[in-house]
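Participant: Turn this into a model:
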Amino acid sequence: MNKNIRRELSAVARVDREKLNGHKPLLIWLTGLSGSGKSTLSYHLERILFDRGLCAYVLDGDNMRHGLCSDLDFSAQARTENIRRVGEVAKILLDAGLVTISSFISPVREDREKVRDALGEDAFVEIFCSCPIETCEARDVKGLYQKAREGLIPEFTGISSPYEAPLNPALILDTSVLSLDECLTKILDVLRQRGLPV
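Facilitator: Have a look, this model is predicted:
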């Protein structure tokens, strides 16, 4: 750390933002294979929370790679850096009092755990979108799985790169069986248990 850099403190505390917003901040981390339904669930959940008066925002994997993480490739080292950056952005959004919904494959368990450790157990809700790879491939409108199988996309999670499922997530959603509404209902139940007024 550069000795010429000093952390500045806001005159507005996190607890003040909680009072203003009427709810505590929380990071909802959706993880799973490409095509498992993470983004679809995230944006529908954001709409529901917003309509119910909560300050909510989605951090989506593709969107982050268009801007903040556009300099990163998909090597193991770059993926770890991608998730580290996302964790730092999430920390800022939580400090601002938002319910943040993170939609990332985030295939490495240790990377997700580092985000959890940085934010604290009470602020982190891990949701595993469990879905057979065959279903994910059938949903793949971008054709990424086919390109990966043809060797055109190296280090593609689920094909040529591993995915490490969470060991103890707050919720497991089998998105190949459950409908969108059923998944959202289960997520909202977990959020109520975590103290959100939903």
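Participant: Okay, helices next: where are they in this structure?
Facilitator: Counting by DSSP state H, the chain has helices at residues 14-21, 38-51, 61-66, 76-95, 109-119, 133-139, 144-149, 180-193.
Participant: list the contacts for the most centrally placed residue in the chain?
Facilitator: Centroid check for the chain by CA atoms, centre = their mean gives Ser102 as the closest residue, at 2.3 Å. Contacts for Ser102 (CB atoms under 8 Å, 6 or more residues apart in numbering) come out as Leu27, Ile28, Trp29, Leu30, Ser42, Val58, Leu59, Val86, Ala90. C-beta coordinates here come from the backbone N, C-alpha and C atoms, glycine included.
Participant: quick one: the last one and Ala96, what's the gap?
Facilitator: Noted for Ala90: a distance of 11 Å to Ala96, by CB to CB, to the nearest Å.
Participant: of these two, who's got more company?
Facilitator: Taking neighbours as other CB atoms under 10 Å, Ala90 and Ala96 compare with Ala90 leading, 25 against 16.
Participant: so the more buried one sits right up against Val115, yeah?
Facilitator: Yes - checked against CB atoms under 8 Å, the pair Ala90 and Val115 is within contact range at 6.9 Å.
Participant: shared neighbours, these two?
Facilitator: Joint contacts of Ala90 and Val115 (CB under 8 Å, 6+ apart) are Leu27.
Participant: which parts of stretch 36-51 are buried?
Facilitator: Buried positions in stretch 36-51, judged by neighbour count with 16 or more other CB atoms under 10 Å: Ser36, Gly37, Lys38, Ser39, Thr40, Leu41, Ser42, His44, Leu45, Glu46, Ile48, Leu49.
Participant: what's near enough to touch the residue nearest to Gly53 when sequence neighbours are not counted?
Facilitator: In this structure, Gly53 finds its nearest non-sequential neighbour in Gly22, 6.8 Å apart by CB to CB, 6 or more residues apart in numbering. If a contact means CB under 8 Å, 6+ apart, then Gly22 has Gly53, Leu54, Pro197 as its contacts.
Participant: any chance of the buried residues of stretch 36-51 in JSON lines, plus distance to Lys147 and pLDDT?
Facilitator: Output for those, formatted as JSON lines (distance: CB to CB, whole Å; pLDDT from 0 to 100):
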{"residue": "Ser36", "distance to Lys147": "18", "pLDDT": "97"}
{"residue": "Gly37", "distance to Lys147": "20", "pLDDT": "97"}
{"residue": "Lys38", "distance to Lys147": "20", "pLDDT": "97"}
{"residue": "Ser39", "distance to Lys147": "19", "pLDDT": "96"}
{"residue": "Thr40", "distance to Lys147": "21", "pLDDT": "97"}
{"residue": "Leu41", "distance to Lys147": "24", "pLDDT": "98"}
{"residue": "Ser42", "distance to Lys147": "24", "pLDDT": "98"}
{"residue": "His44", "distance to Lys147": "27", "pLDDT": "98"}
{"residue": "Leu45", "distance to Lys147": "29", "pLDDT": "98"}
{"residue": "Glu46", "distance to Lys147": "29", "pLDDT": "98"}
{"residue": "Ile48", "distance to Lys147": "34", "pLDDT": "98"}
{"residue": "Leu49", "distance to Lys147": "34", "pLDDT": "98"}
